[in-house]
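**Student:** Quick check, what structure comes out for this input:
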Amino acid sequence: MKAGAATPEQIRNLGEQIRAKRAEFDAELQAASREWDGLVTSGAPEAAMKQQLGKLTEIVSESSYIRNLERELENR
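**Tutor:** I've put the predicted structure just below:
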């Protein structure tokens, strides 16, 4: 779709999709954070901690991308 070619309805729909995706990432981040806390509390092996840290990093990165899209859409 060309810039500026979207209808207001298309923009609203896209905004709804982005907000839903952001909510999904927020829930994933909360769950992954609880998992991290459990690993720390239990004294989990370093390999498990690194794996969970990688998961957290991926979620934060994707969430940041979605938040940037949301910000761009709001500024249209």
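**Student:** drop to CA atoms for contacts and neighbour counts, all remaining ones
**Tutor:** Noted.
**Student:** Would you mind confirming that Arg22 makes contact with Ile66?
**Tutor:** Yes: Arg22 is within contact range of Ile66, at 6.2 Å (criterion: Cα atoms under 8 Å).
**Student:** Per-residue confidence, the residue positioned nearest the centre of the chain, what does it come out as?
**Tutor:** Among the residues of the chain, the one closest to the centroid is Ser63, at 2.3 Å (Cα atoms, centre = their mean). At Ser63, the model reports a pLDDT of 92.
**Student:** Now do the buried residues in the helix or strand where Ile11 lies.
**Tutor:** Here Ile11, judged by DSSP states H and E, is contained in helix 8-42. By neighbour count with 16 or more other Cα atoms under 10 Å, helix 8-42 contains the buried residues 14-15, 18-19, 21-22, 25, 28-29, 32-33, 36, 39.
**Student:** Show me what it packs onto, helices and strands only.
**Tutor:** Under the contact definition 3 or more Cα pairs under 8 Å, 6 or more residues apart in numbering; DSSP states H and E, helix 8-42 sits against helix 46-74.
**Student:** What mean pLDDT does the helix holding Ile11 get?
**Tutor:** Per-residue confidence for helix 8-42 averages out to 94 on the pLDDT scale.
**Student:** And Leu29, how far from Glu58?
**Tutor:** In this structure, Leu29 and Glu58 are 10 Å apart, going by Cα to Cα, to the nearest Å.
**Student:** How about Asn13?
**Tutor:** 26 Å.
**Student:** What of Ser33?
**Tutor:** Counting by Cα to Cα, the gap between Ser33 and Glu58 amounts to 12 Å.
**Student:** Many thanks, have a good one.
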